[in-house]
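Colleague: this is the structure alone, sequence omitted:
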């Protein structure tokens, strides 16, 4: 089982070429697309989406993520083996959020060219490096054979939500296709005992309490709730919080206890 | 074999998370995406697309459909076994059109939590309820084990095309990606013996007769024909009837015999 | 293994219906989507994308391509067996570029209706002809059994890049999702020995030399390089050449040696 998370889009030949390379390495591989619609070259966006989706796959899954503005340059191609998965992609921070939730066993710099395509381009390592390697890993190849161990994996410089004078200050990580705004603030910060006097503030708007599900609000009303992954989420019942608030990724969000 | 029909879109983590849950339940499941681009929260749109696509899958397929504005609220999660398939999703009418063409054997309210994810969120039953259940069904689980029988399945309030003074009055169900307008009027209503004097009226425009295929019209000309599923379809050879007529779902369409 | 390249889009029921027909013909078929987002009825666009993606699939793959404005009309449904693959689709030139890179063994006009769906519509041969045939081919059916041999396969009228007074004159074939412009000029035309004095001209802009990868240019700067398939590509490091130049398919591109 191999998953794919890329910014290749769905119109061009790149997704197909990469799947072809995977099947060439392992004709019976099972491929699951997480998404190919990451914003072009937005490594943070990929890091967020991958971290949300990947924990639901069975142990042993190989997760390939390719948002790779530095392809062919100095950034290293890597594979990271954790207790549950193997991750394959550029060493540019794309696995930052995911690895924060996984126990790392080993990371290797992909240097063994015998596991790559016969000819490696300078501009498409998804097809020529990551897919062939992932195909081999899905056949059971030991990641240790792929190259030398990497001591330090690149990380995105991501601010973490912080507590300040009793408030929790975080931000929007992404807007989903419904326009729900998912933040980086764990919903567990708002314990049931204090939920009644908690307010969530975003773009000058104050939302009282933490609801259970969308339909707890009136149609068209703003609501804060726990996202399906356990983070504070801001939504509008039957509509788009993104559109209503004009807010998107990086928008500050504050939880206060009044 | 499991198919997926959702309004999750292709940018976020939800499709990936749901596939992960499916593979966790059945690592060798074969997943076919029908679409994840149903208009957000548009149950009717999902009902139409599912009904068009699902009959072409082999018997035994499990069809999961999740357009679920009431998730976590009162609407029941259900599974419906028909002679050919098992359908899994919210009991909100999403299967209305499909079930009109299938012979129902049993419907059950999904209550047996042992077939769900370990932790069930209030906002993402696609991942936590429907995918795990569908995965188990694809392994051969008897739907009767999933919960108590449901006597009445929710139905969308969909007007059916009606005959009135010799006319047939229906409406557009959806516009496809070419801009063809597919209606709810069976093309069989226009028998060969009367086709020569039949006209199809939409948005004040009158189209004579029922053609066989797109290229029977001149490029740019409006045409009525039988859709690939046997309904009256309005098209423009080489272009978009949706754009030319400014018409979309629910637009009235009348067939007259002059 | 069967790949799909169509202009069906992702919103309607057509992709699902076609996959259903494939699974009905071969329940254990492995399907890889190359793309369903070819521009509606743009056979050239499909020819380009298919040619780029298909060579990366393992030998024996069945490639189905359906951009088929003439469906149900005079154009023939065909299957073409090459040394590596079998191609299935309308005989409208969609395989032009691909076949220029493959050694053809046999082409047949699909006439044996026993390999089609029980009922064949006039408007959806993807579902009723090509998918059932591809499913059977993926099970090992001999293409020769599908119909009579075709002596001449339709070709798109595609100008080839030409040399003129020491210049090479070609054009943009497509813009990928990053806005990179991929041309039809083989990068091998610009040999290392002359690369230093080569310039690539497009839309009145002159780009010096052939770079190795995107990050060789400053952020925001135009660059010419070899595409991942070995053609001259025009890009902007970290941004879109398509947007910067206002250029797209068919835009003339000239390589000069100063």
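Modeller: That came in fine, so what should we check first? These numbers come from a predicted model, not from an experiment.
Colleague: other SSEs contacting the host helix or strand of residue A:49?
Modeller: Assigned by DSSP states H and E, residue A:49 belongs to helix A:43-53. Using 3 or more CB pairs under 8 Å, 6 or more residues apart in numbering or on different chains; DSSP states H and E, the elements in contact with helix A:43-53 are strand A:2-6, strand A:31-35, strand A:62-66, helix A:96-99, strand A:167-175, helix B:14-25. Where you see a C-beta, it was placed from the backbone N, CA and C, and this is true even at glycine.
Colleague: contacting residues around the residue nearest to residue A:31 when sequence neighbours are not counted?
Modeller: Of all residues not flanking residue A:31 in the chain, residue A:2 sits nearest, at 5.4 Å (CB to CB, 6 or more residues apart in numbering or on different chains). Applying CB atoms under 8 Å, 6 or more residues apart in numbering or on different chains, we find residue A:2 in contact with A:22, A:29, A:30, A:31, A:32, A:61, A:62, A:63, A:64, A:134, A:135, A:138.
Colleague: and the helices and strands packed on helix A:43-53, which is most packed in?
Modeller: Of all those, strand A:62-66 carries the top mean neighbour count, a mean of 28, counting by mean count of other CB atoms under 10 Å in any protein chain shown.
Colleague: just the angle for that strand relative to helix B:14-25, thanks.
Modeller: 160 degrees (axes from the mean of the first three to the mean of the last three CA atoms, to 10 degrees).
Colleague: quick one: residue A:226 from residue B:147, how far?
Modeller: According to CB to CB, to the nearest Å, residue A:226 stands 25 Å off from residue B:147.
Colleague: meant to ask about residue A:40
Modeller: Distance, residue A:40 to residue B:147, using CB to CB: 45 Å.
Colleague: ok so, going back, what are the bridge partners for the residue nearest to residue A:31, then?
Modeller: On the basis of DSSP bridges, residue A:2 is bridged to residue A:31, residue A:62.
Colleague: stretch A:215-227 and chain B, are they touching?
Modeller: Yes. Counting by CB under 8 Å from any CB of the partner chain, chain B is contacted by stretch A:215-227 at A:215, A:216, A:225, A:226, A:227.
Colleague: closest to residue B:173 among these?
Modeller: Using CB to CB, residue A:215 is the member of the residues of stretch A:215-227 next to chain B that lies nearest residue B:173, at 26.9 Å.
Colleague: residue contacts, the closest one?
Modeller: The contact partners of residue A:215, by CB under 8 Å, 6+ apart, come to A:237, B:69, B:70, B:71, B:72, B:73.
Colleague: same thing with residue A:248?
Modeller: Residues counted as contacts of residue A:248 (CB under 8 Å, 6+ apart) are A:172, A:175, A:181, A:242.
Colleague: what of residue A:30?
Modeller: A:1, A:2, B:23, B:28.
Colleague: quick one: the third one and residue A:59 touch, right?
Modeller: In this case it means residue B:23. No. With contact defined as CB atoms under 8 Å, residue B:23 does not reach residue A:59; the gap is 10.8 Å.
Colleague: which positions in chain A make contact with chain C?
Modeller: So chain A meets chain C at A:7-21, A:23-24, A:27-28, A:31, A:40-41, A:69-73, A:121-124, A:127-128 (CB under 8 Å from any CB).
Colleague: coming back round to it: by neighbours, which of the residues of stretch A:215-227 next to chain B wins?
Modeller: When the residues of stretch A:215-227 next to chain B are compared by neighbour count (other CB atoms under 10 Å in any protein chain shown), residue A:225 ends up highest, at 25 neighbours.
Colleague: residue A:175 and residue A:189, how far apart?
Modeller: 21 Å.
Colleague: report the buried residues of stretch A:251-258.
Modeller: Judged by neighbour count using 16 or more other CB atoms under 10 Å in any protein chain shown, the buried positions of stretch A:251-258 are A:251, A:253, A:254, A:255.
Colleague: quick one: which of those is nearest to chain C?
Modeller: Using CB to the nearest CB, residue A:251 comes nearest to chain C of the buried residues of stretch A:251-258, at 23.6 Å.
Colleague: identify the residues contacting the nearest residue to that closest one once chain neighbours are set aside.
Modeller: Counting by CB to CB, 6+ apart, residue A:251 lies nearest to residue A:172, which is 4.3 Å off, once chain neighbours are set aside. Taking CB under 8 Å, 6+ apart, we find residue A:172 in contact with A:181, A:182, A:183, A:202, A:234, A:247, A:248, A:249, A:250, A:251, A:253.
Colleague: residues in a beta bridge with the closest residue to the first one other than its chain neighbours, which ones?
Modeller: Spatial nearest neighbour of residue A:181, chain neighbours left out: residue A:234 (4.3 Å); criterion: CB to CB, 6+ apart. Applying DSSP bridges to residue A:234 yields these beta-bridge partners: residue A:181, residue A:224.
Colleague: for chain A, which residues are neighbours of chain B?
Modeller: For chain A, the residues in contact with chain B (CB under 8 Å from any CB) are A:1, A:3, A:5, A:10, A:30, A:32-38, A:48-50, A:52-58, A:61, A:174, A:176-178, A:212-216, A:225-228, A:233, A:238.
Colleague: could you redo the last one with a cut-off of 6 Å?
Modeller: Along chain A, the residues adjacent to chain B under the rule CB under 6 Å from any CB of the partner chain are A:32, A:34-35, A:37, A:49, A:52-53, A:56-58, A:176-178, A:212-213, A:215, A:228.
Colleague: among the residues you listed, which ones are buried?
Modeller: By neighbour count, with 16+ other CB under 10 Å, the residues of chain A next to chain B hold A:32, A:34-35, A:37, A:49, A:52-53, A:56-58, A:176-178, A:213, A:215, A:228 as buried.
Colleague: ok, which pair from the residues you listed is furthest apart?
Modeller: Taking CB to CB as the measure, these span a maximum distance of 31.9 Å, between A:58 and A:215.
Colleague: what ranges of the stretch 1-150 of chain A fall below the confidence cut-off?
Modeller: By pLDDT under 70, the stretch 1-150 of chain A contains no weakly predicted segment.
Colleague: measure stretch A:219-237 end to end?
Modeller: Using CA to CA, to the nearest Å, the end-to-end distance of stretch A:219-237 comes to 5 Å.
Colleague: just the buried residues of it, please?
Modeller: For stretch A:219-237, burial by neighbour count (16+ other CB under 10 Å) applies to A:221-229, A:231-237.
Colleague: tell me which of these is nearest to chain B?
Modeller: Looking across these and measuring by CB to the nearest CB, the closest to chain B is residue A:228, at 3.4 Å.
Colleague: what's the spacing between the closest residue to that closest one other than its chain neighbours and residue A:149?
Modeller: For residue A:228, ignoring the flanking residues on the chain, the nearest one in space by CB to CB, 6+ apart is residue B:124 at 3.4 Å. Using CB to CB, we find residue B:124 at a distance of 38 Å from residue A:149.
Colleague: next: residue A:205.
Modeller: Counting by CB to CB - residue A:205 and residue A:149 are separated by 49 Å.
Colleague: out of those two, which sits in the more crowded spot?
Modeller: Taking other CB under 10 Å, residue A:205 and residue A:149 do not tie; residue A:205 has more neighbours (14 against 10).
Colleague: quick check on the more buried one: phi, psi?
Modeller: Backbone torsions for residue A:205, taken as degrees, to the nearest 10, come to phi -100, psi 140.
Colleague: how far away is it from residue A:101?
Modeller: 30 Å.
Colleague: related to what we said a few turns ago, what's in contact with the helix holding residue A:49?
Modeller: Outside helix A:43-53, the residues within contact range by CB atoms under 6 Å, 6 or more residues apart in numbering or on different chains are A:5, A:34-35, A:38-39, A:65, A:67, A:92-94, A:96-98, A:156, A:173-174, A:229, B:13, B:16-17.
Colleague: what do you get for stretch A:183-194?
Modeller: Outside stretch A:183-194, the residues within contact range by CB under 6 Å, 6+ apart are A:161, A:168, A:170, A:172-173, A:198, A:210, A:226, A:230-232, A:253, A:257.
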